[in-house]
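Q: coordinates only, sequence not included:
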Ligand SMILES: CC[C@@H]1C(=O)N(C)c2cnc(-c3ccc[nH]3)nc2N1C1CCCC1
């Protein structure tokens, strides 16, 4: 087992049953998957069921400030309540003396970041297919009053069947009532909505719609619309809505029109998820058959990609 730190390769979870009996559940810690925030992530195998999961191991030492602990508890509370084919499955969580362990659905094809790095940019057919899965998950999230607030390629995980699974609910929030506005500044610089930067009138579901527009542009063009070498300049370009479609990338009018309709500064002017799905971009000639739900379809790389 690739175990590049001094922790044991067998992790034990102590379970106290209602009748006071103590049971031990064991997991074998496999390969190191990478770092995610304070967490070191490993492949876990349940010794009892052999089931493989991706484990986020959060040292309790990193949770001494109550804010960090509260954030982790909110992430767990929100994520474990969600069940959708395009949202990362929340398997289990437990703690021992040193760490909090969060066991999540293993996504062996990593994230859309790695995919885009390899492919440079996707075909419009693939973008239709991946975006419809993201929209299906977002429709579910918003109908449960959850705003993700950190939608980006690095949080779009890919299963072994190349289905998209939205993950990392570390910045997510659940509204208590319709119409509630959130004020905390958060998100990732390239994907953050102007109203979050502005911070005056609060923000809501529309921040996820904005990020969807940034994701669509990034998949179609190969880089984010407002990206610059320094964050302050990126923020200024977001507030100014300063982006354009590069001449050297052949894009259909429908794809440019969709991105343009989503990346509008005024959140009340952005399209709803339904309006986006009904946009011509998803209904132009080479469309995925409507009959199948989006997540059952692996997104076919187009013939041109196979020739490349
Ligand atoms: C566990 C954290 C995070 C994650 O949230 N998931 C769902 C995930 C699933 N499979 C994988 C995975 C399977 C095979 C490689 N990575 N990775 C995931 N990650 C990565 C680990 C390192 C940074 C983010």
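A: Ah, there it is. This is a predicted model, so every value here is computed, not measured.
Q: state the mean pLDDT of stretch 254-272.
A: The average pLDDT within stretch 254-272 is 98.
Q: buried sites along it?
A: Residues 254, 255, 256, 258, 259, 261, 262, 263, 264, 267, 270, 271 are the ones in stretch 254-272 that count as buried (16 or more other Cβ atoms under 10 Å). No exception for glycine: its C-beta is placed from N, CA and C like everyone else's.
Q: got these as JSON lines, with secondary structure and distance to the ligand columns?
A: Supplementary listing: those in JSON lines, determined by DSSP: H, G, I helix; E, B strand; the rest coil; distance: Cβ to the nearest ligand atom, whole Å:
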{"residue": "254", "secondary structure": "helix", "distance to the ligand": "32"}
{"residue": "255", "secondary structure": "helix", "distance to the ligand": "29"}
{"residue": "256", "secondary structure": "helix", "distance to the ligand": "32"}
{"residue": "258", "secondary structure": "helix", "distance to the ligand": "28"}
{"residue": "259", "secondary structure": "helix", "distance to the ligand": "27"}
{"residue": "261", "secondary structure": "helix", "distance to the ligand": "31"}
{"residue": "262", "secondary structure": "helix", "distance to the ligand": "26"}
{"residue": "263", "secondary structure": "coil", "distance to the ligand": "27"}
{"residue": "264", "secondary structure": "coil", "distance to the ligand": "31"}
{"residue": "267", "secondary structure": "helix", "distance to the ligand": "28"}
{"residue": "270", "secondary structure": "coil", "distance to the ligand": "27"}
{"residue": "271", "secondary structure": "coil", "distance to the ligand": "29"}
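Q: for residue 214, state which of these is nearest.
A: residue 263 (7.2 Å; Cβ to Cβ).
Q: which residues are in contact with that closest one?
A: Residues near residue 263 by Cβ atoms under 8 Å, 6 or more residues apart in numbering: 210, 213, 214, 217, 225, 241, 243.
Q: identify the residue spatially nearest to the fifth one, adjacent ones excluded.
A: Taking Cβ to Cβ, 6 or more residues apart in numbering, and ignoring the residues beside it in sequence, residue 225 has residue 243 as its nearest neighbour in space, at 3.7 Å.
Q: just checking, residue 15 touches residue 23?
A: Yes - judged on Cβ atoms under 8 Å, residue 15 makes contact with residue 23 at a distance of 4.4 Å.
Q: rewinding a little: any idea how far the residue nearest to residue 225 lies from residue 262?
A: Residue 243 sits 12 Å away from residue 262, taking Cβ to Cβ, to the nearest Å as the criterion.
Q: so where does residue 234 fall, helix or strand?
A: Using DSSP states H and E, residue 234 sits within helix 231-240.
Q: and the residue of the stretch 151-300 of the chain nearest the ligand?
A: With Cβ to the nearest ligand atom as the measure, residue 167 is the residue of the stretch 151-300 of the chain nearest to the ligand, at 4.0 Å.
Q: pretty sure that residue contacts residue 104?
A: Yes - with contacts counted by Cβ under 8 Å, residue 167 reaches residue 104, the gap being 6.9 Å.
Q: in the stretch 151-300 of the chain, which spans are strands?
A: Using DSSP state E, counting those that start in this stretch, the strands of the stretch 151-300 of the chain run over 156-158, 164-166, 173-174.
Q: nearest to residue 201, of these?
A: strand 173-174 (16.4 Å).
Q: what sits up against that closest one?
A: 74, 78, 144, 145, 146, 147, 149, 182, 184.
Q: how about the residues of the stretch 151-300 of the chain near the ligand?
A: 157, 167, 168 (Cβ under 6 Å from any ligand atom).
Q: which residues touch the residue nearest to residue 225?
A: Contacts of residue 243 (Cβ under 8 Å, 6+ apart): 217, 225, 226, 237, 263.
Q: do the same with residue 268
A: residue 206.
Q: distance of it relative to residue 201?
A: Distance from residue 268 to residue 201, by Cβ to Cβ: 10 Å.
Q: likewise residue 103?
A: For residue 103, the distance to residue 201 - Cβ to Cβ - is 39 Å.
Q: which one of the two has more residues nearby?
A: Neighbours were tallied for residue 103 and for residue 201 using other Cβ atoms under 10 Å; the higher tally belongs to residue 103 (21 against 11).
Q: returning to that earlier point: so of the contacts of strand 173-174, which ones are in helices?
A: Judged by DSSP state H, the subset of these located in helices is 74, 78.
Q: which stretches of the stretch 201-308 of the chain have low pLDDT?
A: 285-297, 302-308 (pLDDT under 70).
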